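[1] Can you look at this prediction? I've put the sequence above it.
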Amino acid sequence: SYHAYNNHIFLPGEDDAEIAVLNDRLQKQFAIRLDQERIKVDREFKKRLTHYLKTSLESKTIYETHLKPLIFPAYFPVIADFFVDSGIVYVMTWKREKGNNEFFTYDTKGRFKKRIMIPIRYETDLSPYPTLVYKGKLYQLVDNEKEEKWEFYISEIL
């Protein structure tokens, strides 16, 4: 994914730990780099994802013929996702604690601001529900399958 802000384009960089920032002539200006330890893809994650792919309506019919054997990387990418809003770059990592994901924030010149934990709801272990950061808030649209309705969550980003 990429984001545009203030005549700059923010997009994945040369590797999974970098966000490249280009000007309006598509010239690289600088990069935001996370020097974080990679998180290992553990056995439990592999087990949960395999179960999901075997049982999900979208994938169970093609699991045996197209998805198997599953080949997992040893580590998750450093950057899971990122957003740009109101002069702040929010970089989400794969680190999760108690329903929250780790985010590092930067100004749009690439200077580190702070580390924060923000609640993120996931559809699967690999995919969060649709997420948007706007005016300092994180918005998510979550499918409540038990009650058969969509729920809208808003989290203040401090």
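    Happy to help now that I have it.
[2] so what's the spatially most central residue of the chain bridging to?
    Computing the C-alpha centroid of the chain and ranking residues by C-alpha atoms, centre = their mean puts residue 81 first, at 2.9 Å. With DSSP bridges as the criterion, residue 81 is bridged to residue 92.
[3] Now residue 54: phi and psi?
    When read as degrees, to the nearest 10, the backbone of residue 54 gives phi -70, psi -30.
[4] any idea how far residue 13 is from the residue nearest to the centre of the chain?
    Applying C-beta to C-beta, to the nearest Å, the value for residue 81 to residue 13 is 14 Å. Just so you know, the C-beta spots here come from the backbone N, C-alpha and C atoms, and that holds for glycine as well.
[5] Do a quick rundown of the helices in this protein.
    43-55 (DSSP state H).
[6] all strands of it, in order?
    Per DSSP state E, the chain carries strands over the ranges 3-5, 8-12, 18-22, 28-33, 79-85, 88-97, 100-107, 112-119, 131-134, 137-144, 149-156.
[7] got the ones you listed as a markdown table, with distance to residue 69 columns?
    Output for the strands of the chain, formatted as a markdown table (distance: least, C-beta to C-beta, whole Å):
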| stretch | distance to residue 69 |
| --- | --- |
| strand 3-5 | 35 |
| strand 8-12 | 27 |
| strand 18-22 | 30 |
| strand 28-33 | 34 |
| strand 79-85 | 25 |
| strand 88-97 | 23 |
| strand 100-107 | 29 |
| strand 112-119 | 34 |
| strand 131-134 | 31 |
| strand 137-144 | 30 |
| strand 149-156 | 35 |
